[in-house]
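Novice: I'd like to go over a predicted model; first the sequence, then the structure.
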Amino acid sequence: MKENTATISNLHHLMDYDARKFITAETVLKNSLHNWISTAGSLKLKTVLQKYFDYVQQHIQKMEEFYKEEAIVTAGLTNRVMPAFIADAEEKLENCTDPTVKDACLLACVQAINHYKISAYGTAAAFANALELEKHATFFREAGVNEKQIDDRLSQLAEHEINTNAKMPGVLHQ
């Protein structure tokens, strides 16, 4: 088993160090997404968030497999970025008084998280490629593709429904 230290002396150590933080980030996000699905007013937004929830569950499962293969102990390292994103989102959502504005806020907050994860998984894939760890690179690339698919869906939803509805809160929208 690899020691639970912060020693990073090569690219493989750096990849493993970063990856150790992924599962805590995904778990925190999963718990919040579960709540946010019920908070969303738009059925389309709920559907995209549910799909994202499913992807996050898949990422957690595959990440556990990665840890076993790499003999990584995850205890001791937490991701401080994801809880900060979630705390910021919760603060903003608490202050939204209109359901359509709350949907726009929720979508924007989830998309910010999504962009962070696209970067993290992309970096991990690049490290795994450089280390010629094709199986790991494939997982990280696939996770990044999932994140990009959600990003595209959120962008389309924002442009064609959510932001338009939030421009004039209180007006009935079809």
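Specialist: Okay, I see it.
Novice: where does residue 75 land on pLDDT?
Specialist: Residue 75 carries a pLDDT value of 61.
Novice: show me what contacts residue 115?
Specialist: Counting by CB atoms under 8 Å, 6 or more residues apart in numbering, residue 115 touches residue 151. The C-beta positions use only the backbone N, C-alpha and C, and glycine is treated the same way.
Novice: Show me which parts of the host helix or strand of it are buried, residue by residue.
Specialist: Residue 115 is part of helix 99-130, with elements assigned from DSSP states H and E. Within helix 99-130, the residues that count as buried by 16 or more other CB atoms under 10 Å are 99-111, 113-114, 116-118, 120-122, 124-125, 127-128.
Novice: Give me the buried positions along the helix or strand following that helix.
Specialist: Elements were assigned by DSSP H and E; along the chain past helix 99-130, the next helix or strand is helix 134-157. Neighbour-count burial for helix 134-157, with 16+ other CB under 10 Å as criterion, is recorded at 136-137, 139-144, 146-148, 150-151, 153-154, 157.
Novice: For the next helix or strand after helix 134-157, which outside residues touch it?
Specialist: Moving toward the C-terminus from helix 134-157, the next helix or strand (DSSP H and E) is helix 163-167. Contacts with helix 163-167, where a contact means CB under 8 Å, 6+ apart, come from 42, 98, 100-101, 103-104, 173.
Novice: Leaving out sequence neighbours, find the closest residue to residue 141.
Specialist: residue 125 (4.6 Å; CB to CB, 6 or more residues apart in numbering).
Novice: can you pull the contacts of that neighbour?
Specialist: 137, 140-141, 144 are the contacts of residue 125 under CB under 8 Å, 6+ apart.
Novice: Same list (those) but as a markdown table, adding distance to residue 90.
Specialist: Shown next, in a markdown table, are the contacts of residue 125 (distance: CB to CB, whole Å):
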| residue | distance to residue 90 |
| --- | --- |
| 137 | 34 |
| 140 | 28 |
| 141 | 31 |
| 144 | 26 |
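Novice: so which of the residues you listed comes closest to residue 77?
Specialist: residue 140 (17.6 Å; CB to CB).
Novice: got a list of what the closest one touches?
Specialist: So residue 140 contacts 121-122, 124-125, 128 (CB under 8 Å, 6+ apart).
Novice: can you pull the pLDDT of it?
Specialist: At residue 140, pLDDT is 96.
Novice: Then residue 115?
Specialist: pLDDT, residue 115: 97.
Novice: what does the one 10 residues further on give?
Specialist: Turning to residue 125, the model gives it a pLDDT of 97.
Novice: Repeat that for the one 3 residues further on.
Specialist: According to the per-residue confidence, residue 128 scores 96 in pLDDT.
Novice: residue contacts, it?
Specialist: 15, 134, 136-137, 140.
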